[in-house]
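Asker: Turn this into a model:
(chains A and B)
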Amino acid sequence: MKHGKWPLIVTFLVPPVLLYVFFVVSPYLQAFQISTTDWLGYSADANQVGLANFKALWHDDYVWNALKNNAILLALVPVLTIGFGLFFATMLALGGRRGRAGVTGVRGGAFYRTVYFFPQVLSVVIIALLFKEVYHPNKGLLTSALHAVGLPAPTWLGDPATAFWCVLAVMVWSNVGFYVVLFGAAMSAVPKEIYEAVLLDGASRFTTLRRITLPLLWDTVQVAWVYLAIFALDGFILVQLMTNGGPNFSTDVIGVRMYDTAFGSETKFGYASAIGVVMFFLTLSVAVLSLRVGRRDRIEYS
Amino acid sequence: MNRREILRRSAAAGLLATPAAGLLTGCATGGGDKGDAETYKGTKSAENPLGVKEDAPLEVVIFGGGFGEEYAKAHEAMYTAKYPKAKIKHSATQEISKTLQPRFVDGTPPDVVNNSGASQIDFNGLVSQNAIADLGELLAAPSLDVPGKTVKETLLPGAVEVGSYDGTFLVLNYTYTAYGIWYSEKLFAERRWEYAKTWDDHIALCKQIKAAGIAPWTYAGLHPRYMSWPLIATAIKLGGPSVATAIDNLEPNAWKSDSMRAAADAWQQIVKDKFILEGSPGLDHKQSQTAWCQGKAAFISCGSWLESEQKDVTPAGFNMTIAPTPSLGSGDKLPFEAIRGTAGEPFMVPAKARNVAGGLEYFRTMLSLKGAQDFTKKVASLTVVAGATEGVELPYGLKTVVKALDASGSNGFNWVYNNYYRKLERNLVDAACGEFFSGRIGPAEFLDQCQKGADSIAQDSSIKKYKRAA
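Answerer: Numbering: from 1, shown residues only, chains lettered A, B, ... in the order given. Now for the predicted structure:
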């Protein structure tokens, strides 16, 4: 095998690494460099300004407001999504108990699994437009439903008190399906005997979920957590299409701030890159932290 | 290193890649500057005052919005009729800034750009980077089909000023737009309502309309800056054009002048008395305009593009009509008829375009009587070319616009802070209007928030400031 090592490396490893360096690493380095300039984006001229952009960022209330919203998303989106995902996956895999021996899912599990996965098939843009209509203050699904039973309806995306939560709900809705399938797949790797034993011991569904499923699925949950955390720090597409950060900046997120600074109401590419650099470090720290904090011994079935 | 370790390390490496979406990719300031490589220049003559090279290609990028792109194709055909050897590359997009930004950096921008729409490139940024060609030569050139007049002499008053930055004419605003309050003549005739000329009468009329089961007002809640237009107009009519100059020049407390206070206090009435269609804060401009066309609301604030934007949903015989904002009282400095009229729909020739002369010549074609009449016919909007409506059958709404502009005459007014500082109107005043017209804040807080936005622009040393004379 020794003589066959280099051709393998050259053909399979070098091209992807080169592509990665060219398309991912080099733009990163450029963004770091641009963030120390006052580049306005429409000429090749830019002056070095050192850390002035970062200093300005520190005093930028709009950036802090966006970060605050991202922090709330970071706290809630992973918890809610993983919670719903685990619940649905458990019900699909083990929920059915009545009138039958052994461990089975609820009736029609395959159907539910498909339905839950629908949002994943739709493009995010379509989801955003779809929900813009659902939240239509006069003829949207939600308003009509509330009016039909005689309840008053808020203006949803038009009111700072509700807009943020409306967007958050869409984020959870659009993500849950994928994690149902992910957790479902992980659960099918757990030997049935374990569940049967617990069942014989008379454990309730909730205890089973907490004491058996969750520990055995820990690795998967952890991965889900990292992905969702990164998603929560971004959230750009949904927010930009549904509210563009409004009303009165109540749904603003850091990604929208960055986009608006470069391509929206201003052309400050240097400043926008500084926001990007901050975002990079935030995302990185969150990801590393959630891997560290969640580290546990892995259980291998053999 | 065991299998698990490898997995963990590769996962960590993968994490580095995931946030990539968050960073601006691919564009660098150090991009090659090819702008000086080769520019097309022909010899100037009486026939060819701008020095167009007759076989030089011309690239035109049009904003694919409410006006479509057919009118531009017609202008391009007129250009090639004069220069048959010139090849025109035409494209239309709604994403002007994203599409063109790399080309500006690269030094290879198109020759003509219709910089408009939601993804418009901020003009402040372009002007401060000297990215736009001076159009002075175009103004001095003779008109294509108005004998004995220069291009400048064929334009309506105000057209040059709006596109000028520190006295240099850089941006050709092609359409002539009036901003006012719109209503359906048909609805008003049926109900025997009459448009009110004073604010007190307007409030009384709103009461009457509400009693009839129709919401007096609606507005684009997701773009609430539409409502800043009638409010500022009310203040200018009360206090004179200096109210607008102060706002444009970012003078301290310009937003909190007595006139602005009086106007904000007045407009709060329609919020307090619930004269606004329920749910309006959640509607975008299309949704609110459609609700208005369906007769759910009586008034809406918009510019004269409204008629062509609503073409598909306006019922036959709706007869949309524009009117000036009501006067606050007899103390108003400007008469009731005064209306905001301004040149809009910006076109520019990038400074580094290879065929600058061709771009200017293309503008000369657009500004010919023939080009302007064709535009008005195709998209039902006025142009900045004087007399270009003659012999053109105008749709109902546009006729009322022409009438309103005629009546307003020399009392017409305008403001340009939205051109100077896009962020101030699009972000900051917009957010304040949203709070004010949904009733969450009062007039004093509204003006405070606007002033705070203006101050933040004034204090930002990275934004170039412009001043205009009164």
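Asker: Could you check the pLDDT of the residue in the stretch 101-250 of chain B that chain A sits nearest to?
Answerer: Scanning the stretch 101-250 of chain B for the residue nearest chain A gives residue B:125, at 3.1 Å (criterion: CB to the nearest CB). Where you see a C-beta, it was placed from the backbone N, CA and C, and this is true even at glycine. For residue B:125, the model assigns a pLDDT of 89.
Asker: Kindly report the same for the one 5 residues further on.
Answerer: Predicted confidence (pLDDT) at residue B:130: the value is 91.
Asker: rewinding a little: quick check: which element contains the residue of the stretch 101-250 of chain B closest to chain A?
Answerer: Assigned by DSSP states H and E, residue B:125 belongs to helix B:123-128.
Asker: For that helix, name the packing helices and strands.
Answerer: helix B:417-420 (3 or more CB pairs under 8 Å, 6 or more residues apart in numbering or on different chains; DSSP states H and E).
Asker: May I see the buried residues of the helix holding residue B:125?
Answerer: Within helix B:123-128, the residues that count as buried by 16 or more other CB atoms under 10 Å in any protein chain shown are B:123-128.
Asker: secondary structure class for residue B:45?
Answerer: Secondary structure state of residue B:45, per DSSP: H, G, I helix; E, B strand; the rest coil, is coil.
Asker: now the helix ranked longest in chain A, how far from the centre of its chain.
Answerer: Taking DSSP state H as the criterion, chain A has its longest helix at helix A:61-94. Taking CA atoms, centre = their mean, to the nearest Å, the mean C-alpha location of helix A:61-94 is offset from the chain mean by 8 Å.
Asker: Next: stretch B:77-97.
Answerer: Centroid separation for stretch B:77-97 versus its chain: 23 Å, with CA atoms, centre = their mean.
Asker: Would you reformat the buried residues of helix B:123-128 as CSV and include distance to residue B:262?
Answerer: Output for the buried residues of helix B:123-128, formatted as CSV (distance: CB to CB, whole Å):
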residue, distance to residue B:262
B:123, 31
B:124, 30
B:125, 35
B:126, 36
B:127, 34
B:128, 35
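Asker: For the stretch 251-400 of chain B, which segments count as helices?
Answerer: Ranges of helices within the stretch 251-400 of chain B are B:258-272, B:285-293, B:306-309, B:356-366, B:369-379, B:396-408, based on DSSP state H, counting those that start in this stretch.
Asker: Now for the residue nearest to residue A:158 when sequence neighbours are not counted: which residues touch it?
Answerer: Leaving aside its chain neighbours, residue A:158 sits nearest to residue B:282 (2.9 Å; criterion: CB to CB, 6 or more residues apart in numbering or on different chains). For residue B:282, the contact set (CB atoms under 8 Å, 6 or more residues apart in numbering or on different chains) comprises A:135-137, A:155-159, B:221-222.
Asker: Most widely separated two among the residues you listed?
Answerer: Greatest spacing in those, by CB to CB: A:136 and A:159 (13.5 Å).
Asker: Residue A:292: how many residues sit nearby?
Answerer: Residue A:292 has 8 neighbours, counted by other CB atoms under 10 Å in any protein chain shown.
Asker: no no, residue B:420
Answerer: So residue B:420, with other CB under 10 Å, has 23 neighbours.
Asker: Tell me where the stretch 1-150 of chain B has strands.
Answerer: Taking DSSP state E, counting those that start in this stretch as the test, the strands found in the stretch 1-150 of chain B are B:58-63, B:88-93, B:112-113.
Asker: mind checking how far the shortest one is from the chain centre?
Answerer: Looking back up the chat, that one is strand B:112-113. 16 Å.
Asker: That strand and chain A in contact?
Answerer: No. In terms of CB under 8 Å from any CB of the partner chain, no part of strand B:112-113 sits within range of chain A; the closest distance is 11.2 Å.
Asker: Residues touching that strand, excluding its own?
Answerer: The contact list for strand B:112-113 (CB under 8 Å, 6+ apart) reads B:58-61, B:96, B:100, B:347-350, B:353, B:359, B:362-363.
Asker: and if you look at the first one?
Answerer: Counting by CB under 8 Å, 6+ apart, strand B:58-63 makes contact with B:69, B:72, B:76, B:79, B:86-94, B:96, B:99-100, B:110-117, B:120, B:353, B:355, B:358-359, B:362, all of which sit outside it.
Asker: for the record, mean pLDDT for stretch A:186-203?
Answerer: The average pLDDT within stretch A:186-203 is 84.
Asker: ugh, typo on my part, it should be stretch A:241-259
Answerer: 91.
Asker: Relative to the whole chain's centre, how far out is the least confident helix or strand in chain A by mean pLDDT?
Answerer: Using mean pLDDT, DSSP states H and E, helix A:205-207 stands out as the lowest-scoring helix or strand of chain A, at a mean of 81. Centre-to-centre, helix A:205-207 and its host chain are 27 Å apart (CA atoms, centre = their mean).
Asker: got it, and stretch B:421-439?
Answerer: Worked out by CA atoms, centre = their mean, stretch B:421-439 lies 16 Å from the chain centre.
Asker: Now do the buried residues in it.
Answerer: B:421-438.
Asker: before we move on, the earlier item: show me just the buried residues among the contacts of strand B:58-63.
Answerer: For the contacts of strand B:58-63, buried by 16+ other CB under 10 Å: B:69, B:72, B:76, B:79, B:86, B:88, B:90, B:92-93, B:96, B:100, B:110-117, B:120, B:353, B:355, B:358-359, B:362.
Asker: OK, contacts around the nearest residue to residue B:79 once chain neighbours are set aside?
Answerer: Spatial nearest neighbour of residue B:79, chain neighbours left out: residue B:365 (5.1 Å); criterion: CB to CB, 6+ apart. Counting by CB under 8 Å, 6+ apart, residue B:365 touches B:75, B:78-79, B:82, B:144, B:371.
Asker: now with 10 Å?
Answerer: B:74-83, B:144-145, B:371-372 (CB atoms under 10 Å, 6 or more residues apart in numbering or on different chains).
Asker: Same question for residue B:181.
Answerer: B:195, B:202, B:217, B:229-230, B:233, B:298-302, B:321-326, B:339.
Asker: I am finished for the moment; much appreciated.
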